[in-house]
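> Below are the sequence and a predicted model; questions follow.
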Amino acid sequence: MSLEKLLNIPKELNSNPNVSVYNLVKEYYFDGFSESLVYDYLIKNHCIHNDWLLFCEDKKVDQGWIIEKSFFIYNVYYLNKRNNKSYLKRFLNKDKAFSYYIYNEIVSVYNS
């Protein structure tokens with residue numbers, strides 16, 4: 001499948017609320033998907049950062065990957081059902097933060 005389709009899932013969800021993240025990830029996921037592919041795409045397509053940030057803020061689940069911006073620092077972590085943060089990483093580079101978040105979010109959905 002196409003990297004572009006996979007990385008534009010939040011935009012597709014906005015235009016078609018009747019589809020699920022799970023179904024889209026299952027449909028668009030492909031072998032060879034990697035964090036470095038996401039990073040390379042983000043460098044050239046800055047417009048999707050905000051879509052993923054809004055997607056993260058709008059999730060209605062009690063666990064999952066989170067990205068937060070605090071001044072010039074991006075925190076990315078996995079929030080479990082007990083409200084504990086795991087795999088916390090801090091980034092100064094926006095593209096690296098979002099590539100880490102997006103990659104882990106998509107893989108997490110794909111493996112669920």
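Alright, I've got the coordinates. Please read these numbers as outputs of a predicted model, since none were measured by experiment. Numbering: from 1, shown residues only.

> any idea of the pLDDT on the residue lying farthest from the centre of the chain?
Relative to the centre of the chain, the most outlying C-alpha is that of residue 82, 21.3 Å out, by C-alpha atoms, centre = their mean. Per-residue pLDDT puts residue 82 at 79.

> In three-state terms, how would it be classified?
coil (DSSP: H, G, I helix; E, B strand; the rest coil).

> Same question for residue 88.
strand.

> swap in residue 18?
Using three-state DSSP, the structure places residue 18 in coil.

> count of neighbours near it?
Neighbour count of residue 18, defined by other C-beta atoms under 10 Å: 5. C-beta here means a position set from N, CA and C on the backbone, and glycine is covered the same way.

> can you tell me how far it sits from residue 24?
11 Å (C-beta to C-beta, to the nearest Å).

> and if you look at residue 40?
21 Å.

> re earlier: distance of the residue farthest from the centre of the chain from residue 62?
From residue 82 to residue 62 the distance is 10 Å (C-beta to C-beta).

> Now do the contacts for residue 39.
Contact analysis of residue 39 by C-beta atoms under 8 Å, 6 or more residues apart in numbering lists 95-96, 99.

> does it belong to a helix or a strand, and which?
helix 35-44 (DSSP states H and E).
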